[in-house]
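Trainee: just coords:
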């Protein structure tokens, strides 16, 4: 299933709800474009809701790292929300849980942004 | 109750074009073979993902996305193992030179995790010179205990 993302605003925070797979090709491109568009619009407080993303490969992980670095460069914050088991496994074995801010509850994720 | 089907085909070889679409195709083929071999859902996922990463490696780094080059995927049964080989037509690579993606200085690299994922998900992994002179990735997974490997004729 091709990756789809829809963005909603909660105050000054952008929540992007993704569904599908983040893999080499179209999936990775969708993620990259959405992050770029948000940053171009000055939206640098971003939650990526991955509740409906059941698959990510190394390219997808690479795009999440790119997103993390781009948001950091823009002096923003990026959080990953509701990782599915398989995505969480990849994030764990690649030690990227030490890099990403991973949240399990949207309300808590929204509160966790610094002012 | 479904019965595990011991595959009677002892090896399967597929020649793939160096296209992004070949990555999904290779993964799908090997997942079907894995399912027919009696692997559980988690192992089917891990094997599929390892194959995916191997073909990505062949596509990106081995064949440099050159559509003139091919990727050869082979699935075989050797004793108690399923053996998957992925061969490209590139220059080959030295496994010892692949950076460790878990090292602190490499964590924020945007690539370089594919080989690591293969090693994490499969029982054995090596790289050798392939039949076409490029790299051949060889990965194995022990067959589920209830399913013996097919006997050779």
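Mentor: Yep, that arrived. Treat the numbers as computed from the prediction; the structure is a model and nothing was measured.
Trainee: show me which residues of chain A sit near chain B.
Mentor: Contact residues, chain A versus chain B (CB under 8 Å from any CB of the partner chain): A:23-25, A:57-59, A:61-63, A:65-66, A:68-69, A:86, A:90, A:93-96, A:98-99. Quick note: C-beta positions are derived from backbone N, CA and C, even for glycine.
Trainee: quick one, strands of chain B?
Mentor: Along chain B, the stretches classed as strands by DSSP state E are B:11-17, B:70-78, B:81-87, B:124-129, B:135-142.
Trainee: show me the beta-bridge partners of the most centrally placed residue in chain A.
Mentor: Centroid-nearest residue in chain A: residue A:48, 3.4 Å away (criterion: CA atoms, centre = their mean). Taking DSSP bridges as the rule, residue A:48 bridges to residue A:16, residue A:80.
Trainee: residues contacting residue B:83?
Mentor: Counting by CB atoms under 8 Å, 6 or more residues apart in numbering or on different chains, residue B:83 makes contact with B:74, B:75, B:76, B:77, B:138, B:139, B:140.
Trainee: which one of those residues is nearest chain A?
Mentor: residue B:139 (14.9 Å; CB to the nearest CB).
Trainee: I'd say the closest one and residue B:53 touch.
Mentor: No - with contacts counted by CB atoms under 8 Å, residue B:139 stays clear of residue B:53, the gap being 9.5 Å.
Trainee: what sits in contact with each of those two?
Mentor: residue B:118.
Trainee: pLDDT score for the spatially most central residue of chain B?
Mentor: Per CA atoms, centre = their mean, the C-alpha nearest to the average position across chain B is that of residue B:51, at 3.3 Å. Looking at residue B:51, its pLDDT is 98.
Trainee: what about the helices in the chain?
Mentor: You didn't say which chain, so I picked chain A. A:26-40, A:58-73, A:85-93, A:106-111 (DSSP state H).
Trainee: please refer instead to chain B.
Mentor: B:20-36, B:41-57, B:114-121.
Trainee: please identify the deepest-packed of these.
Mentor: helix B:41-57 (a mean of 23; mean count of other CB atoms under 10 Å in any protein chain shown).
Trainee: show me what that one is packed against.
Mentor: helix A:58-73, helix B:20-36, strand B:70-78, strand B:81-87, helix B:114-121, strand B:135-142 (3 or more CB pairs under 8 Å, 6 or more residues apart in numbering or on different chains; DSSP states H and E).
Trainee: wait, which of the ones you listed is closest to residue A:106?
Mentor: helix A:58-73 (18.0 Å; CB to CB).
Trainee: what helices and strands are in contact with that closest one?
Mentor: strand A:13-22, helix A:26-40, strand A:45-56, strand A:77-81, helix B:41-57.
Trainee: nearest residue to residue A:95 in space, please, no chain neighbours.
Mentor: residue B:102 (5.1 Å; CB to CB, 6 or more residues apart in numbering or on different chains).
Trainee: list the contacts of that neighbour.
Mentor: A:94, A:95, B:116 are the contacts of residue B:102 under CB under 8 Å, 6+ apart.
Trainee: same thing but 10 Å
Mentor: A:93, A:94, A:95, A:96, A:98, B:113, B:116 (CB atoms under 10 Å, 6 or more residues apart in numbering or on different chains).
Trainee: same question, residue B:105
Mentor: residue B:99.
Trainee: now it: how far from residue B:10?
Mentor: 45 Å (CB to CB, to the nearest Å).
Trainee: which bits of chain B sit near chain A?
Mentor: Within reach of chain A by CB under 10 Å from any CB of the partner chain, chain B has these residues: B:19-21, B:23-24, B:27, B:42, B:45-46, B:48-49, B:52-53, B:55-57, B:59-60, B:101-104, B:106-121.
Trainee: the nearest residue to residue A:51 once chain neighbours are set aside: how many residues sit nearby?
Mentor: Leaving aside its chain neighbours, residue A:51 sits nearest to residue A:82 (3.8 Å; criterion: CB to CB, 6+ apart). For residue A:82, the neighbour count with other CB atoms under 10 Å in any protein chain shown is 20.
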